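**Q** Would you be able to build a 3D model of this:
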Amino acid sequence: MSCMTERPVVKRTARAILLEGDTAPRMILIKRTKPGQAPYWITPGGGMEPEDATVVEALYREVDEELGAKVTDVVPAFVDTVPHSDESAEGAEGAEGSGGVGAAGVKVQHFFVCRLASMDLSRRHGPEVDEPCGEYDVVSVPFTREGIASVEVVPPSLRAYLDANIEGVLALLADDLG
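**A** Residues are numbered from 1 along each chain as shown. Below is the predicted model of the structure:
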């Protein structure tokens with residue numbers, strides 16, 4: 001095992017697998033459209049800031065900024081680790097894993113399943129709203145294999161995880177989890 005080298009974690013992000021409704025839950029996503037690129041869909045969230053004491057605090061802050069939303073029942077669901085360089089600009093979510101020149105370490109993305117408590121899009125604020133690069137459209141899709149397959153969710157590792165674990169993700173919100 002000693003030949004394995006740990007890579008430094010240079011960035012951590014918090015992202016919400018955000019579900020709305022109990023009987024036929026829908027997942028809230030942000031459709032990103034940038035000039036000259038095919039649209040892609042991301043989960044609400046983003047990088048930890050110095051004022052965030054914890055990854056979960058970053059999650060609460062990010063969903064408030066991006067959606068004007070409050071969430072409950074925040075449960076860790078999935079972690080994705082990708083090469084990260086300081087040159088990769090914020091907003092390069094669509095180009096995960098390009099690695100390459102200047103790779104300084106890894107980015108760890110924490111995905112939490114949570115329930116939407118409230119959302120008021122008129123309360124959106126922060127860099128994505130104040131200085132948008134392209135369009136940020138809030139959409140929801142059925143939280144089913146078909147619903148998730150109907151959009152280009154990134155990163156691909158999250159898309160694969162959700163495709164394999166719809167029932168398991170819902171079970172993380174079950175009353176008897178503990």
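
**Q** ranges for the strands of the chain?
**A** 9-20, 26-33, 40-42, 45-47, 69-85, 103-119, 135-142 (DSSP state E).

**Q** Mean pLDDT per helix and strand in this structure: which one sits at the bottom?
**A** Ranked by mean pLDDT, DSSP states H and E, the helix or strand of the chain with the weakest confidence is helix 127-130, at a mean of 76.

**Q** For the chain, give me the ranges with low pLDDT.
**A** Within the chain, the stretches with pLDDT under 70 are 1-4, 86-103.

**Q** Let's see that with 80 instead.
**A** 1-5, 85-104, 127-132, 177-178 (pLDDT under 80).

**Q** Tell me where the longest helix sits in it.
**A** As assigned by DSSP state H, the longest helix anywhere in the chain is helix 156-171.

**Q** Can you give the contact residues for that one?
**A** 15, 17, 19, 25, 43, 77-78, 80, 96, 111, 113, 143-145, 148-149, 153, 177 (CB atoms under 8 Å, 6 or more residues apart in numbering). Bear in mind the C-beta positions are built from the backbone N, C-alpha and C, glycine included.
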